[in-house]
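J.: Turn this into a model:
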Amino acid sequence: QVQLVESGGGLVQAGGSLRLSCAASGRTFSDYRMGWFRQAPGKEREFVASISRSGVNTYYADSVKDRFTISRDNTKNTVYLQMNSLKPEDTAVYHCAAGRAFNQYDFWGQGTQVTVSS
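T.: Numbering: from 1, shown residues only. Predicted coordinates:
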């Protein structure tokens, strides 16, 4: 089992920034690919970004490319999501996830709320 706990969400004005963190425990963190997903009210969960085990390779949804940056620190068992130039449509609950296979996630955090006001 991998336990994931997100933090860093909050209320921010459009154009502002937030940095989300996801602390992992329970297994060897560097064995897992990590991802960030989000779910807005009334909408399906959507992919935001992912990062390889070493942190060399990253992937982003088109909607966040050039605004969000995913990174990880394997010495701290933590993955981050730096979110800049936030828009009201970024409002959602953000979840981190861990998985061994590409695009397959086995463990999920409870999420952290991000609200962007216009």
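J.: now residue 116, which residues is it bridged with?
T.: When bridges are taken as DSSP bridges, the partners of residue 116 come out as residue 12.
J.: Burial check on it, number of neighbours?
T.: 20 (other C-beta atoms under 10 Å). Where C-beta positions appear, they are placed from N, C-alpha and C, glycine not excepted.
J.: Which helix or strand contains residue 27?
T.: In this structure, residue 27 is located outside every helix and strand according to DSSP states H and E.
J.: Near the spatially closest residue to it that is not a sequence neighbour, how many other residues are there?
T.: The shortest distance from residue 27 to any residue that is not its chain neighbour, by C-beta to C-beta, 6 or more residues apart in numbering, is 4.9 Å, and that residue is residue 2. Taking other C-beta under 10 Å as the neighbour definition, residue 2 ends up with a count of 20.
J.: for the closest residue to residue 60 other than its chain neighbours, what are its contacts?
T.: If the residues on either side of it in the chain are set aside, residue 60 comes closest to residue 49, at 4.9 Å by C-beta to C-beta, 6+ apart. Residues touching residue 49, when contacts are defined by C-beta atoms under 8 Å, 6 or more residues apart in numbering, comprise 35, 36, 58, 59, 60, 61, 64, 68, 69, 70, 81.
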